[in-house]
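Asks: Prediction below, plus the sequence it came from.
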Amino acid sequence: MPKIVVTAAVKDVQAWLEFKPLLIAELAGVASDGTSYVAADGSNHVASTWDVPDMAAFQAAQARLSPEVAAMSERAGMIPPVVVYVEK
């Protein structure tokens, strides 16, 4: 099962950390092990790792998040670019 790493900057690191359990639950059908990481330097950069058996299904699930999860995601404020790395 491929592992991906997603990195981004966020407006509010604490809000992103509070949002992650909801996102993990929302994506449980298409991904597992949604581990969260924050920058050691205390900046607003974050990362997460996921085991994703089907990238297309993962991307589709992200596009149709529930209103509650979408609202929390907006509050956490992912700042583009969001970079996804795929294990090879």
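Replies: Structure received.
Asks: Now do the same for Tyr43: helix, strand or coil?
Replies: Let me fix one detail, which is that residue 43 is Ser and not Tyr. Following DSSP: H, G, I helix; E, B strand; the rest coil, Ser43 is assigned to coil.
Asks: mind listing what it touches?
Replies: Applying C-beta atoms under 8 Å, 6 or more residues apart in numbering to Ser43 gives the contacts Ala9. Heads up, the C-betas are built off the backbone N, CA and C, glycines and all.
Asks: Then Ile79?
Replies: By C-beta under 8 Å, 6+ apart, the contact list for Ile79 reads Ala8, Ala9, Val10, Lys11, Asn44.
Asks: Excluding chain neighbours, what is closest to the fourth one?
Replies: Closest residue to Lys11 in three dimensions, ignoring its sequence neighbours and counting by C-beta to C-beta, 6 or more residues apart in numbering: Gly77, at 2.9 Å.
Asks: Hmm, the one you found is touching Phe19, no?
Replies: No - the criterion here is C-beta atoms under 8 Å, and Gly77 misses it with Phe19 at 9.9 Å.
Asks: quick one, which of the two is more surrounded?
Replies: Counted by other C-beta atoms under 10 Å, Gly77 and Phe19 do not tie: Phe19 has more neighbours, with 22 against 16.
Asks: Which residue is the nearest non-sequential neighbour of Pro2?
Replies: Closest to Pro2 by C-beta to C-beta, 6+ apart is Glu87, at 5.1 Å.
Asks: Next one: the one you found from Thr7, what distance?
Replies: Counting by C-beta to C-beta, to the nearest Å, the separation of Glu87 from Thr7 is 14 Å.
Asks: got the contact list for Gly34?
Replies: Contact analysis of Gly34 by C-beta under 8 Å, 6+ apart lists Lys20, Leu23, Ile24, Leu27, Ser48, Thr49, Trp50.
Asks: Likewise for Leu23?
Replies: Gly34, Leu65, Val69, Met72, Ser73.
Asks: Next one, pLDDT for it please.
Replies: At Leu23, the model reports a pLDDT of 86.
Asks: Wasn't it part of a helix?
Replies: Yes - the assignment for Leu23 is a helix, going by three-state DSSP.
Asks: What residues of stretch 80-88 count as buried?
Replies: Under the neighbour-count criterion of 16 or more other C-beta atoms under 10 Å, stretch 80-88 has nothing buried.
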